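S.K.: predicted model follows, preceded by the sequence.
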Amino acid sequence: MAGSKPIGGRVTQKTGSEELFLWGTATTSTIFLWTFVSVVSQVFPAIFPGLIRCTNIGSHGSSFSILTPTADRFVLLICSIAILAVVGLRAQSLSYAWRATLMVPALSIASFVVSPLVLLIIGGLGTAAGLVYLVLHSDELVGSPPGRLSASILFLVVGSAAALFFVSGARWILNASDGAKPLVGWTWLASIEALRLVNLIYWVFPQLVLILFLIWPVKLVLPYLWERIRSRFSRVPPLTSESRMSESLRQFSEGRLPLAMFAIAMIFSAFVGIYPYLPSINPGSTLVGYDVNIFYFPTLQSMQAQSPGEAVGAALSNDRAGFLILQYAVSLLPRGPAVAVRIIPVLLAVLLAVTTYIFVKAGSGNRLLASTAALFAAFSFEVVSGINAGLDADWLAMSEALVFLSLLLVGLNRPDRRYVVLSSGVLVLVLFTHPWTWLVMLGLLGLYSVLTAGLATWSKDMTGLRHELTSLAMVFAISGTADLSKRLLGTPSGVQDVLNSSAHTLSLSSIPSALSSLSSSLRLFLGGALDNPLIIVLSIVGLLALPGLHSRMTRLLVSWMAIASGPLLLYKFSFSYLQARVIIIAPLQILAAVGLIALMHYFIQSMRLGGYENHRTEQLVFVLVCVAVTGAFVGYSLENVGFVYTGIAQPFPICA
């Protein structure tokens, strides 16, 4: 990165000693950050549930060390002294009193052995504050613009994380061939550390999930508040949007990377879907998924014993008719039902990734964002829970819902209503596949209509409002007619079916205990299959960083999260497992992708406001971030689906 161009300045050549000092400072800062995280994990460990194939559902601790606990603390002290020394010796504007104060954090860390643990945190946070000062004043202290130093530190932090999670993910993938017991032995060290690192904040995980589903009102006013903040602090970058995407990410979006990421998404989707049925993972080829074992496979066997007409008629009398007919069609292929139920997870996983890409591309026009969302879909809650719980109809309905919304977005942009009619047809298919998802879509459309009308009234721009609202009314009319027609087939209407199964589980009195119910649900549902703090954090960032409400995709996603927040708060404690079903149906793979792109956008804008611009660095950091996040998601998904979860008593598979 020598010879890079500071924004608004001339090309400057740094001497070898200056470049060495810059990278030495960045390396010291990186080591400080990693050892600080390590020591904090030792002082305040979190306990989180996990699945270990061939053993049982168990618990893990987030405490980890890079070298040894003692060595990590010693290295932390050395790095703290080095960072504070650079600030104290090179900052000409600091008084002697402030220079002396800078030694307090290092003394706090040094006195850890004989002082309360809280002094360790005070020392670490004090040094972190010194590091922030060092970055902001790096022109004076390091001889490089703040953007250059922050980019160097981020490059080293992300690069080391990418290396760890790449090795971790590779070990989980190789487990498909050796079938070894997971997380046992030296070959699993990287995977163990990666698992602990991802769950470092598990002690606030339920709170983060609740924040994710309740923060949508903030999104309605955040753009206005953010601009007010930026008017006071010039170094605060703008929120992300398609129109302000950085040149580096725009080059990626227009190049071959999105195609490569989409291909990788397809490969991983198929791999995760077939993983629990690989001979090394499941030697007996035991059926995976509770609902598959108790309902879908027995129903398929019953349909196979009937004529095609009778089988379809029997399926249509069930509220999961859409999936049952698909399952029956797949079973007509060679080798029959036994192969059909084992190949369907592959088909559903690939379908979810494809439909996620289609929806994001239709809503944003951003190929990079769409391919990132498709990649995250391969490891999403929908896939993991779909396999382990056997929620095949829910899984299929999610993909159908994304197709419906994609067609609706296209239709709302056209004067004719052909795509609106097509989208209505797909929504009817959702009704016959999974009524609960269908009702969520209707609620989503209702709130979307309110937001659209409110936005038009606020901005006093009624252009296209009539076309949009009449198109939505058409969707409601077609769906309502289809729901009433279900009675002719001898099945309850979708609304009646959902009310019959869910009304007694909801209560306003459950709101005060929503957090405790959620904690129970996250801990117990499929042995902790939803325990992925990383996707929750990225989703929170993504929800807040969505473009303004002028974007139809933003209004749809905000409406989706708002509709989902109701049941999450209202489910009674004894039905807390239903909260997990709400989380599963949320479009977190899309929000997480928006969050990742938003963080990269924020980093690039911050670096440029700090006086430094380098497209190659920006693109390399983005690739490393994608490697790290994908590696983390690979470990999460394969740990869970590789457990061979049946939900019924059975011997665990034999491990090599």
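M.R.: Right, received. Where do you want to start? Everything numeric here is computed off the predicted structure, so don't read it as measured data.
S.K.: can you give me the strands in the protein?
M.R.: Ranges of strands in the chain, per DSSP state E, are 47-52, 56-61.
S.K.: which of these has the highest mean neighbour count?
M.R.: Among these, ranked by average contacts under mean count of other CB atoms under 10 Å, first place goes to strand 47-52 (a mean of 19). Placement of C-beta: from N, CA and C, glycine included.
S.K.: the nearest residue to Ala91 once chain neighbours are set aside: what's it in contact with?
M.R.: Excluding the flanking residues, the one nearest Ala91 by CB to CB, 6 or more residues apart in numbering is Leu141, at 6.3 Å. Neighbouring residues of Leu141 by CB atoms under 8 Å, 6 or more residues apart in numbering: Val86, Val87, Arg90, Ala91, Leu134.
S.K.: cool, Tyr96 as well?
M.R.: Contacts of Tyr96 by CB under 8 Å, 6+ apart: none found.
S.K.: quick one, helices of the stretch 201-350 of the chain?
M.R.: 205-214, 216-232, 247-254, 257-274, 290-291, 297-304, 308-316, 321-331, 336-364 (DSSP state H, counting those that start in this stretch).
S.K.: just checking, what packs against the last one?
M.R.: It stands for helix 336-364. Packing partners of helix 336-364 (3 or more CB pairs under 8 Å, 6 or more residues apart in numbering; DSSP states H and E): helix 257-274, helix 297-304, helix 321-331, helix 367-377, helix 381-389, helix 392-412, helix 552-570, helix 588-609.
S.K.: that older thread, make a markdown table out of the helices of the stretch 201-350 of the chain and add distance to Ala129 and mean pLDDT.
M.R.: Formatted as a markdown table, the helices of the stretch 201-350 of the chain follow (distance: least, CB to CB, whole Å; pLDDT from 0 to 100):
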| stretch | distance to Ala129 | mean pLDDT |
| --- | --- | --- |
| helix 205-214 | 25 | 92 |
| helix 216-232 | 21 | 68 |
| helix 247-254 | 30 | 72 |
| helix 257-274 | 37 | 95 |
| helix 290-291 | 50 | 90 |
| helix 297-304 | 59 | 91 |
| helix 308-316 | 64 | 88 |
| helix 321-331 | 55 | 92 |
| helix 336-364 | 38 | 94 |
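S.K.: highest mean neighbour count out of those helices?
M.R.: Among those, helix 336-364 has the highest mean neighbour count (mean count of other CB under 10 Å), at a mean of 23.
S.K.: looking at it, Ala162 is touching Leu624, isn't it?
M.R.: Yes - contact criterion CB atoms under 8 Å: Ala162 and Leu624 qualify, at 4.3 Å.
S.K.: about what we covered before: among the helices of the stretch 201-350 of the chain, which is nearest Ser485?
M.R.: Of all the helices of the stretch 201-350 of the chain, helix 308-316 sits nearest to Ser485, with 11.3 Å by CB to CB.
S.K.: what's the closest one packed up against?
M.R.: helix 297-304, helix 321-331.
S.K.: could I get those helices as a markdown table with distance to Ser253?
M.R.: As requested, these are arranged in a markdown table below (distance: least, CB to CB, whole Å):
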| stretch | distance to Ser253 |
| --- | --- |
| helix 297-304 | 43 |
| helix 321-331 | 34 |
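S.K.: out of these, nearest to Gly58?
M.R.: helix 297-304 (28.4 Å).
S.K.: what's the angle from that closest one to helix 336-364?
M.R.: 110 degrees (axes from the mean of the first three to the mean of the last three CA atoms, to 10 degrees).
S.K.: off-centre distance for helix 297-304?
M.R.: Chain-centre distance of helix 297-304: 35 Å, with CA atoms, centre = their mean, to the nearest Å.
S.K.: what residue ranges in the stretch 351-500 of the chain score low on pLDDT?
M.R.: 489-500 (pLDDT under 70).
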